[in-house]
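[1] Pasting the sequence and the predicted coordinates here, then a few questions.
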Amino acid sequence: MNSRPFPHTTPPSTGGSQLRLLRRQARLSQLDLALITGISQRHLSCIETGRARPGPGTLHNLLMALEVPLEQCNSVFLACGYAPRYEATPLSSPAMDAVRDAITHVLHANNPAPAIVLGSHWEVLAANASTRVLFDLVGLPADSAQGLNLLVTLLQPGGLGDHLINPEEIRSLAWQRATREALDNPVLASLVQTLTAPDSPPAVAGELPPLVLTRIRTPQGELNFMSTFTTFGMPLDITMASLRIEHLIPADANTWQIMTTAYEQSSRPLTDA
């Protein structure tokens, strides 16, 4: 079990000082941020020092320009004397109908390559048919894909991580990403604390490859995947901002052939003998 605590610093108490800290973390000068948002540098200086109170629209524009996570944006709104602006709408809500339709379309279009929808805690919210095919190929229950936690199944024994040919690389990358995200996510931080940090990957000798492949061992042979992510642009909802779709794109002809054949067989309707 990992016992290393996550560093925590108390943020500045006023909205202006929080904005100043966020701007400096983004490595922007007051002039840079003023030009990006279209407000005067003098007005921005007054906001940061507390001599002026930004209106909700100005505050929103500043926070969006700084690419501040929406949950943290709510804290800045509170510090400036406003109610939290950004909600976390359940994915099952009628307001999310268009989002669910878009996710379904993207997942279906990715077949015969696997694709999964991840929430902010690495929980699998949805998966396409090819993800279930991949689980079946490695001997894991096909129906277990949706509802599991990707970080857990990669790091803990008995999960997908056991079938990786390059487990040190993939587990190390997943751990690094999760621990970075956990700095601003208490629920994910609690999960990470229950997991064991993976061993460091071996040093790479010679020329570096273009990217790290996810290499999976199956009875049909080695499967190699490139990993890409799809996120929703311009989210104004915390749930929307946290969603990401991971696409596992076959990296060679053999992987395409195995996944295509297995997917077509799984999709073939049953007929009477």
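    Yep, it's here.

[2] ok, longest strand in this protein?
    When the chain is scanned for its longest strand (criterion: DSSP state E), the result is strand 221-230.

[3] From the contact counts, what lies against the helix or strand just after it?
    Downstream of strand 221-230, the first helix or strand assigned by DSSP states H and E is helix 238-242. Here helix 238-242 touches helix 70-79, going by 3 or more C-beta pairs under 8 Å, 6 or more residues apart in numbering; DSSP states H and E. (Glycine included, C-beta is placed from N, CA and C.)

[4] Would you mark the buried spots in the helix it packs on?
    Neighbour counts over helix 70-79 (16 or more other C-beta atoms under 10 Å) mark 70-74, 76-77, 79 as buried.

[5] same thing with stretch 173-190?
    173-175, 178-179, 181-182, 185, 188-189.

[6] about what we covered before: which of the buried residues of helix 70-79 lies at the shortest distance from L63?
    Ranked by distance to L63 (C-beta to C-beta), the buried residues of helix 70-79 are led by C73 at 4.7 Å.

[7] Contact partners for the nearest residue to that closest one once chain neighbours are set aside?
    Leaving aside its sequence neighbours, C73 sits nearest to L63 (C-beta to C-beta, 6 or more residues apart in numbering; 4.7 Å). The neighbours of L63, taking C-beta atoms under 8 Å, 6 or more residues apart in numbering as the test, are 19, 22, 73, 76.

[8] now for these, which pair is the farthest apart?
    Pairwise over these, using C-beta to C-beta, the maximum falls at L19 and C73, 10.7 Å.

[9] one step back: dump the contacts of L63 into TSV; add pLDDT and distance to T153 as well.
    Converted to TSV, the contacts of L63 look like this (pLDDT from 0 to 100; distance: C-beta to C-beta, whole Å):
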residue	pLDDT	distance to T153
L19	96	39
L22	95	35
C73	94	32
V76	95	36
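
[10] how close does R215 sit to M226?
    According to C-beta to C-beta, to the nearest Å, R215 and M226 sit 11 Å apart.

[11] If you could redo that for A88, that was the one I meant.
    In terms of C-beta to C-beta, A88 sits 31 Å off from M226.

[12] Tell me how many other residues surround the nearest residue to L164 once chain neighbours are set aside.
    For L164, ignoring the flanking residues on the chain, the nearest one in space by C-beta to C-beta, 6+ apart is I170 at 5.4 Å. Other residues near I170 number 23, with proximity taken as other C-beta atoms under 10 Å.

[13] so I170 makes contact with I216?
    No: in this structure I170 lies outside contact range of I216 using C-beta atoms under 8 Å: 9.5 Å.

[14] hey, where'd the strands end up in the stretch 1-150 of the chain?
    For the stretch 1-150 of the chain, the strands defined by DSSP state E, counting those that start in this stretch cover 115-118, 124-127.

[15] can you list these in JSON lines and add mean pLDDT, distance to L154 and mean neighbour count?
    As requested, the strands of the stretch 1-150 of the chain are arranged in JSON lines below (pLDDT from 0 to 100; distance: least, C-beta to C-beta, whole Å; neighbours: other C-beta atoms under 10 Å):
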{"stretch": "strand 115-118", "mean pLDDT": "96", "distance to L154": "12", "mean neighbour count": "22"}
{"stretch": "strand 124-127", "mean pLDDT": "94", "distance to L154": "12", "mean neighbour count": "20"}
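
[16] what sits against the residue nearest to L164?
    Per C-beta under 8 Å, 6+ apart, neighbours of I170: 154, 161, 164, 212, 214.

[17] What's the per-residue pLDDT of A205 here?
    Here the pLDDT value assigned to A205 is 67.

[18] Likewise for I47?
    96.

[19] Report how many residues lie close to it.
    Count around I47 with other C-beta under 10 Å applied: 22.

[20] For S29, see how far away it is.
    Here I47 is placed at a distance of 15 Å from S29 (C-beta to C-beta).
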